[in-house]
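Engineer: predicted coordinates and the sequence they were generated for:
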Amino acid sequence: MSLSDFFTPINLSIITPKNGYYTSQLGNMVNFYVDSFPDLEQPVDIAIIGVQEDRNAINNAGCALAPDYIREKLYQLNEGAYSTQIVDLGNIRQGETVTDTYFALKTVIAELIKKDIIPLIIGGGQDLTYAQYLGYETLEQKVDLVVVDSHFDLEDDFQDGIETTSTSYLSKIFLHEPNYLFNYSNLGYQTYFASQDSLRVMEKLYFDAHRLGTLSNSIAVTEPTIRNANMLSFDIGAIRSSDAAANANAKPNGFYGEEACQICRYAGFNDKLTSIGFYEFNPAYDNNGQTAMLLSQMIWYFIDGVYNRKKDFPLSPKSQYLIYKTSLRHDDHELVFVKSKKSDRWWMQVPYPTGGSKNERFHLVPCRHEDYKTAVAGEMPDLWWRTYQKLT
């Protein structure tokens with residue numbers, strides 16, 4: 001089966017300005033699937049995928065129409081100071097069942113990642129995050145998942161056999177067998193939307209949950225968390241309604257538009273990140289195309305980040321890194337930190353317990369300079385402890 005079997009071509013007349021694109025605009029740089037499917041054996045960095053599926057988007061029917069509204073704004077933005085190699089593969093239609101759509105998206109993502117192409121998913125409900133995750137199943141590697149959302153999309157009873165929806169897909173990921181999820185991180189949850197049961201689940205599994213209030217006006221705090229992700233899912237509902245009204249579930253509080261753009265740029269910078277999805281945008285609720293424009297700018301910042309990657313994931317060559325060692329106040333255990341000379345970014349070495357990895361003696365986890373300062377003060381950084389517990 002060819003990947004083209006899953007897609008419908010793009011109708012350029014819908015998304016193209018009356019006078020066409022200027023030479024500097026992205027619409028003039030992207031290879032669109034119009035008549036013939038793009039050749040993915042040629043050099044390609046990013047593949048844009050529209051998904052016309054909203055049957056399991058709770059209280060947000062209409063988000064299946066999102067892809068072309070986003071394209072209309074995105075391709076009028078100017079290319080940055082780099083040469084892009086981007087294809088737009090068109091839209092994955094609704095399958096006969098939602099499961100059929102999941103299968104199509106899962107298959108496409110797996111094939112693209114194998115070709116070292118980053119899938120960039122636009123449109124549909126956030127339940128598609130489950131299909132995005134399943135795309136990693138054949139890669140036989142652990143996955144670090146970051147979700148930007150005001151809610152934890154968990155069922156309260158947290159049991160197997162639940163339906164996959166935009167409010168329960170996370171339960172499906174946590175319970176999926178075989179389990180290849182190493183870490184889950186939430187950015188921007190709002191406490192009054194989080195049950196105590198869900199918070200206990202996060203604590204029990206040593207997952208990371210970052211409350212909106214701790215990130216407001218401190219968006220740089222999110223960078224190490226995002227830098228650790230293999231895949232990222234962004235619910236447009238995590239942005240405050242004044243900046244992103246185009247969602248039937250929009251709320252008054254959330255990230256500002258510029259913070260959302262910064263998050264996306266951090267995601268682009270991440271050498272590990274191999275897929276990203278933007279979900280829950282509903283054109284029916286948009287105000288003069290403002291949310292579509294914000295989303296297109298978020299995608300622009302992600303693309304800008306990808307083409308400005310530092311490729312400095314430690315430790316090769318070792319000459320490009322500084323090693324810092326420190327001991328805890330009441331412990332003989334030595335903590336090791338790594339700093340990149342190229343980007344000034346930090347990592348922590350967390351040793352595998354006895355019987356852990358046969359190929360590696362330690363796990364490198366992105367961290368902040370503040371974690372190093374905590375260790376210098378003789379205290380155990382919380383991130384080190386939670387990571388060690390997951391390795392056990």
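Structural biologist: Now that the structure is in, tell me what you want to look at. Keep in mind that what you see is a predicted model, and the values were worked out from it rather than measured. Numbers count the residues shown, from 1 in each chain.
Engineer: got phi/psi on the closest residue to Gly289 other than its chain neighbours?
Structural biologist: Spatial nearest neighbour of Gly289, chain neighbours left out: Lys73 (6.4 Å); criterion: C-beta to C-beta, 6 or more residues apart in numbering. From N, CA and C alone the C-beta is placed, and that goes for glycine too. With angles defined as degrees, to the nearest 10, Lys73 sits at phi -90, psi -40.
Engineer: quick one: contacts for Lys73?
Structural biologist: Gly289, Ala292, Met293, Leu295, Ser296 (C-beta atoms under 8 Å, 6 or more residues apart in numbering).
Engineer: before we move on, what about Lys341?
Structural biologist: Contacts of Lys341 by C-beta under 8 Å, 6+ apart are Gln320, Tyr321, Leu322.
Engineer: pLDDT score assigned to it?
Structural biologist: The confidence metric pLDDT takes the value 93 at Lys341.
Engineer: roughly how far apart are the spatially most central residue of the chain and Asn186?
Structural biologist: Residue closest to the mean C-alpha point of the chain, counted by C-alpha atoms, centre = their mean, is Leu232 at 1.2 Å. Using C-beta to C-beta, to the nearest Å, we find Leu232 at a distance of 11 Å from Asn186.
Engineer: quick one: the helices in the stretch 101-250 of the chain, in order.
Structural biologist: 128-134, 169-175, 196-204, 212-215, 223-227 (DSSP state H, counting those that start in this stretch).
Engineer: number of nearby residues for Pro353?
Structural biologist: Using other C-beta atoms under 10 Å, the number of residues around Pro353 comes to 11.
Engineer: and for Val98?
Structural biologist: With other C-beta under 10 Å as criterion, Val98 counts 20.
Engineer: same question, Phe207
Structural biologist: Using other C-beta under 10 Å: Phe207 sits among 18 other residues.
Engineer: what do you get for Ser198?
Structural biologist: Going by other C-beta under 10 Å, the residues that sit close to Ser198 add up to 22.
Engineer: surely it and Leu154 touch.
Structural biologist: Yes - the pair Ser198 and Leu154 passes the contact test of C-beta atoms under 8 Å, sitting 5.0 Å apart.
Engineer: neighbour-wise, which one of the contacts of Lys341 leads?
Structural biologist: Ranking the contacts of Lys341 using other C-beta under 10 Å puts Tyr321 first, with 16 neighbours.
Engineer: poorly predicted segments of the stretch 201-350 of the chain, please.
Structural biologist: Within the stretch 201-350 of the chain, the ranges that satisfy pLDDT under 70 run 332.
Engineer: now the helices of the stretch 101-250 of the chain as CSV including distance to Asp116?
Structural biologist: CSV is the format used below for the helices of the stretch 101-250 of the chain (distance: least, C-beta to C-beta, whole Å):
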stretch, distance to Asp116
helix 128-134, 17
helix 169-175, 24
helix 196-204, 32
helix 212-215, 31
helix 223-227, 19
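Engineer: most tightly packed of the ones you listed?
Structural biologist: helix 128-134 (a mean of 26; mean count of other C-beta atoms under 10 Å).
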